[in-house]
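Peer 1: Any chance you could fold what I've pasted below:
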Amino acid sequence: MTLCARWSLLILAALLPPLAHALDKVDPYICPTKTQGSGLECFLEAIPQTYTMCRHIKHIEVIEFGLGGAQEGNHGAKTESCIEKHKLSMTRPYQAALREAARNKDEVVGVRKLYDTWLESLGKLAPATGESDEGYRTRVSIPYGEFNTQIAKIRELDVKPTVAAAKTTESKPAARPAAKPKAAPAKSDAPKQ
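Peer 2: Numbering: from 1, shown residues only. Sure, this is the predicted structure:
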């Protein structure tokens, strides 16, 4: 390769954008510390983060319109908009988490269960008829415990394959060197007597 061709390749490589990362388009607002790291870690950070955002919006609606009026007419529109927005914003982290967890069936099940719990919790942000203020606040705080429990289980499953693989490589006996094949006896050109 000529010197000119090498320089051309170097310049071209420098000008091309880096390869896209699976999480390049994730809003740092939903996973502020994990946008460039693991898709699984971003997803695990985004679950309580996005729930909190929508919970705060619903809390503002409750303050403005009261428990009974927070869902009347258009009063719940801000919360519904928040939920729809975060369903969309969670698509990339969720898909990245599923891809990374694919090596472990239990981890995939855990990621899906956490996502379903998150969706269910968002759907229950509206105050129930006749619910007290204290009862409502307690009820919308409960999902955090469930999120933390499920996240801890997923992280444990994410670490297990690495630990198990390390143990199996440590416990294997060292391989014996391959035996050298024996050389065939040399034939001589001299006639047999």
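
Peer 1: Would you mind measuring the gap between the ends of stretch 79-98?
Peer 2: 27 Å (Cα to Cα, to the nearest Å).

Peer 1: Use 31 as the first number for this chain going forward.
Peer 2: Got it, first residue is 31 now, which makes that one stretch 109-128.

Peer 1: Thr80 is in contact with Leu116, correct?
Peer 2: Small correction: residue 116 is His, not Leu. Yes: in this structure His116 lies within contact range of Thr80 using Cβ atoms under 8 Å: 4.2 Å. Quick note: C-beta positions are derived from backbone N, CA and C, even for glycine.

Peer 1: Which neighbours do the two have in common?
Peer 2: Taking Cβ atoms under 8 Å, 6 or more residues apart in numbering as the contact rule, His116 and Thr80 both touch Ile60.

Peer 1: Would you tell me what the next helix or strand after the helix or strand of the chain with the lowest mean pLDDT is?
Peer 2: Lowest on mean pLDDT, DSSP states H and E among the helices and strands of the chain sits helix 33-45, with a mean of 49. Downstream of helix 33-45, the first helix or strand assigned by DSSP states H and E is helix 69-99.

Peer 1: pLDDT weak spots in the chain?
Peer 2: Flagging of the chain using pLDDT under 70 yields the residue ranges 31-57, 64-67, 190-223.

Peer 1: Could you report the distance from Gln101 to Phe177?
Peer 2: According to Cβ to Cβ, to the nearest Å, Gln101 and Phe177 sit 24 Å apart.

Peer 1: Determine the number of other residues adjacent to Glu110.
Peer 2: Using other Cβ atoms under 10 Å, Glu110 is surrounded by 17 other residues.

Peer 1: sorry, that was for Gly69
Peer 2: 23.

Peer 1: Now the phi/psi pair for His105, please.
Peer 2: Dihedral pair for His105: phi -60, psi -30, per degrees, to the nearest 10.

Peer 1: roughly how far apart are it and Lys115?
Peer 2: His105 sits 18 Å away from Lys115, going by Cβ to Cβ.

Peer 1: Could you do Lys88 as well?
Peer 2: Applying Cβ to Cβ, the value for Lys88 to Lys115 is 14 Å.

Peer 1: again with His89
Peer 2: According to Cβ to Cβ, His89 stands 17 Å off from Lys115.

Peer 1: name the element the nearest residue to Ser151 once chain neighbours are set aside belongs to?
Peer 2: In space, and not counting its chain neighbours, Ser151 is closest to Pro173: 3.9 Å by Cβ to Cβ, 6 or more residues apart in numbering. Taking DSSP H and E as the criterion, Pro173 maps to helix 163-201.
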